[in-house]
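Asks: Predicted model, plus sequence, below.
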Amino acid sequence: MTESEKLYKRALEHIPWGTQTNAKRPIEDYAGVMPFFVESANGCRFIDVDGDEYIDYRLALGPVILGYRYPEVDQAVRAQLDKGVLFSMASPVEMELAEKICKVVPSMEMVRFGKNGVDANASNIRIARAYSRKDKIIRCGYNGYHDWFSTGVEGNGVPKVLDDYVYEVRYGDIDGIEKILKKDAVNISCVLAVPYDFNEDISGEYPRALRKLADEYGVILIFDEVLTGFRLSIGGAQEYFGVRPDLTSFAKAVANGFPLSVYGGKKKLMDKLNDFVLTATYAGEALSIAAALATLKVMQEKEVHEHIFRMGRRLMAGFREIAGRIGVDVKIGGFPVASYFLFNFASDARNKKVQVELNRELYKEHIFVYDRWFISYSHKESDIDETLEKFERALKRSLGD
């Protein structure tokens, strides 16, 4: 057994799944080749517990936008550590970060902090319901694990009564949302939606249509920018697409991997927080806030987004060239900062089978990816070129060549 496999077996004795995060669970299809535990990371690479180094395109599920152990971020955290982590009253860094986010995000007038994206989404839902005095919501995309986002599933601990308060629609289904609003807008507080779900539609038509519907029917529009925020642009998908929601949830890339989420938006909505208690002890934890300040400073002073888009385009162009030369039918799309490579055979079963084989072969080549190819500021041309060289070998083997 590898050291990864030994640790996984040990972890299962005391940790359900053997990990804290669903998306980090070992996948049976990749047994024997997928590393289960990471020992250390730097830049765009990590070393697993067996001592193998991988070029990483998963980036801790998206938060690591500058790169692992990015110097400016780590220095800011060390400087804050010398002052303290958590205090008996607020720290000035809370105000500094709030001011900075309100400057760089178009819709933000007031903000609060949390620790996970689900914290931000749940808080925004509470604010919307309190302000509108309506109980129902419409939601689309993955929004976290809280009861409001987990209805319609048996045996998951969510009261069935909540099914009557949540309308769930698939991404892009504007007609479905409009039908719900026509029928029940008088009871609906908000629409919570991801503005982009990293699929092939990069036009921004969906978030713009959501804004129009929300205005027409008088409901609050909340963007779940947990993944898109600070990755598509420093102002998130809303800046990229030119759409201003009423409230927004941020997390992941805001602090380059340190645990922090941000929720907020229009002042008139955020003022409702003066009427009831919505609070968390660790929301003002200063290390993550210092990390976020440093991350945003780097984004403002360096061409972070220009670079990750450029590296992403280089990767996608290489995928197209290799697939074309080999003669395999594929779909390559999405934004360059988190693109996808999928097979496009006539048989869905074959597509799935060969995709699994490709991923297995990529792990053997020490390329770590799953589902989307996230790019960081630490990915350089040499990393992309090495990836493409290894990708071609892996692709040929997955096809049986």
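Replies: Sure thing, it's come through. Residues are numbered from 1 along each chain as shown.
Asks: Would you map out the domains in the protein?
Replies: Split into domains by automatic domain parsing, the chain comes to 3-68+303-398, 71-301.
Asks: Just put those in JSON lines and tack on mean pLDDT.
Replies: Converted to JSON lines, the domains of the chain look like this (pLDDT from 0 to 100):
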{"stretch": "domain 3-68+303-398", "mean pLDDT": "96"}
{"stretch": "domain 71-301", "mean pLDDT": "96"}
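Asks: which of these is buried the deepest?
Replies: Most buried of the domains of the chain, by mean neighbour count (mean count of other Cβ atoms under 10 Å): domain 71-301, with a mean of 19. (Each C-beta comes from the backbone N, C-alpha and C, glycine too.)
Asks: shouldn't L181 be in contact with L213?
Replies: Yes. Applying Cβ atoms under 8 Å as the test, L181 and L213 come out as touching, 6.3 Å apart.
Asks: so what sits against both of those two?
Replies: The contact sets of L181 and L213 overlap at V219 (Cβ atoms under 8 Å, 6 or more residues apart in numbering).
Asks: can you list contacts of the host helix or strand of A290?
Replies: Taking DSSP states H and E as the criterion, A290 maps to helix 286-301. Here helix 286-301 makes contact (Cβ under 8 Å, 6+ apart) with 65-66, 70, 72-73, 75-77, 79-81, 83-87, 91, 93-94, 96-97, 100-101, 104, 113, 115, 230, 234, 253-260, 304-305, 377.
Asks: Try it again at 6 Å.
Replies: Contact partners of helix 286-301, identified using Cβ atoms under 6 Å, 6 or more residues apart in numbering, comprise 66, 72-73, 76-77, 80, 85, 91, 93, 97, 100, 234, 254-256, 258-260.
Asks: repeat for stretch 360-368
Replies: By Cβ under 6 Å, 6+ apart, stretch 360-368 touches 30, 33-34, 54-56, 58, 387, 390, 394, 397-398.
Asks: again, only this time at 8 Å
Replies: Contacts for stretch 360-368 (Cβ under 8 Å, 6+ apart): 29-30, 33-35, 46, 52-58, 369, 387, 390-391, 393-395, 397-398.
Asks: Could you list which of those residues belong to strands?
Replies: 46, 53-56 (DSSP state E).
Asks: Could you dump those into CSV with distance to I322 added?
Replies: Formatted as CSV, these follow (distance: Cβ to Cβ, whole Å):
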residue, distance to I322
F46, 25
E53, 23
Y54, 20
I55, 16
D56, 20
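Asks: who's in contact with A283?
Replies: Contacts of A283 (Cβ under 8 Å, 6+ apart): 112-115.
Asks: What is the most widely separated pair among those residues?
Replies: R112 and K115 (11.7 Å; Cβ to Cβ).
Asks: Now R211. Nearest residue, chain neighbours left out?
Replies: Spatial nearest neighbour of R211, chain neighbours left out: V243 (5.1 Å); criterion: Cβ to Cβ, 6 or more residues apart in numbering.
Asks: Is that neighbour in contact with A209, as I believe?
Replies: No. Contact criterion Cβ under 8 Å: V243 and A209 do not qualify, at 9.4 Å.
Asks: Would you state the strands of the stretch 1-150 of the chain in chain order?
Replies: For the stretch 1-150 of the chain, the strands defined by DSSP state E, counting those that start in this stretch cover 38-42, 45-48, 53-56, 110-114, 136-140.
Asks: my bad, the stretch 251-400 of the chain
Replies: 261-265, 330-333, 338-343, 367-368, 373-374.
Asks: Turn those into a markdown table, columns for distance to V194.
Replies: Shown next, in a markdown table, are the strands of the stretch 251-400 of the chain (distance: least, Cβ to Cβ, whole Å):
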| stretch | distance to V194 |
| --- | --- |
| strand 261-265 | 15 |
| strand 330-333 | 17 |
| strand 338-343 | 13 |
| strand 367-368 | 24 |
| strand 373-374 | 16 |
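Asks: partners of L247 in the sheet?
Replies: Note on L247: beta-bridge partners I222, G265, judged by DSSP bridges.
Asks: check contacts around it.
Replies: Residues near L247 by Cβ under 8 Å, 6+ apart: 124, 127-128, 190, 220-223, 263-266, 269.
Asks: Return the member of those nearest to G334.
Replies: Scanning the contacts of L247 for proximity to G334, where the rule is Cβ to Cβ, the winner is F223, at 18.4 Å.
Asks: my read: the closest one touches R244, true?
Replies: No. Counting by Cβ under 8 Å, F223 does not reach R244; the two are 9.1 Å apart.
Asks: my read: A209 touches I174, true?
Replies: Yes. Judged on Cβ under 8 Å, A209 makes contact with I174 at a distance of 4.6 Å.
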